[in-house]
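Colleague: Return atomic coordinates for the entry below.
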Amino acid sequence: MEVTDPPTGRSEKIVESRFEELEGIWPECFEQKYGYLRREVVRAIYAFLDCGIPENGVARVFCDGCGRDYFVAFSCRRRGQGIAG
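Modeller: I've put the predicted structure just below:
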């Protein structure tokens, strides 16, 4: 049985490595022009980072075509993202 890997695209790597920094500098650098960093945005970013990670839950899938079964990591299915796996 195969377990699909979580997304490891460029966007995930960039967001994961820089988002906490952005949160820290937002008030000083961007708040006056764009307003406060809304909680919905922060929640969406963290959901994006958690999306498709097998430790957060999986579904077992059976393929009628090839007869194999495998695990697919759950997806948050937010706009702008594909389904994990």
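Colleague: all contacts plus neighbour counts: C-alpha atoms, from now on.
Modeller: OK.
Colleague: Mind jotting down where the strands sit in the protein?
Modeller: For the chain, the strands defined by DSSP state E occupy 2-3, 58-62, 69-73.
Colleague: Which positions in the second one come out as buried?
Modeller: So the one you mean is strand 58-62. Buried residues in strand 58-62, counted by 16 or more other Cα atoms under 10 Å: Val58.
Colleague: just the last one next, same as before
Modeller: Using 16+ other Cα under 10 Å as the test for burial, strand 69-73 gives Phe71, Val72, Ala73.
Colleague: Low-confidence bits of this structure, can you list those?
Modeller: 1-9, 76-85 (pLDDT under 70).
Colleague: ok, and for the longest helix anywhere in it, which residues are buried?
Modeller: The helix that spans the most residues within the chain, counting by DSSP state H, is helix 10-29. By 16+ other Cα under 10 Å, the buried positions in helix 10-29 come out as Val15, Trp26.
Colleague: packing partners for that helix?
Modeller: Contacts defined by 3 or more Cα pairs under 8 Å, 6 or more residues apart in numbering; DSSP states H and E place helix 10-29 against helix 39-50.
Colleague: my read: Leu37 touches Gly24, true?
Modeller: No. In this structure Leu37 lies outside contact range of Gly24 using Cα atoms under 8 Å: 10.4 Å.
Colleague: where's Leu59 relative to Pro27, distance?
Modeller: For the record, residue 59 is Ala, not Leu. 40 Å (Cα to Cα, to the nearest Å).
Colleague: repeat for Val61
Modeller: 45 Å.
Colleague: for Tyr46, same thing?
Modeller: 19 Å.
Colleague: same check, this time on Ala44
Modeller: With distances taken as Cα to Cα, Ala44 is found 19 Å from Pro27.
Colleague: cool, Phe74 as well?
Modeller: On the measure of Cα to Cα, Phe74 and Pro27 end up 34 Å apart.
Colleague: How about Tyr34?
Modeller: Taking Cα to Cα, one finds Tyr34 at 10 Å from Pro27.
Colleague: for Gly65, same thing?
Modeller: 53 Å.
Colleague: Kindly report the same for Gly35.
Modeller: 8 Å.
Colleague: likewise Asp64?
Modeller: From Asp64 to Pro27 the distance is 53 Å (Cα to Cα).
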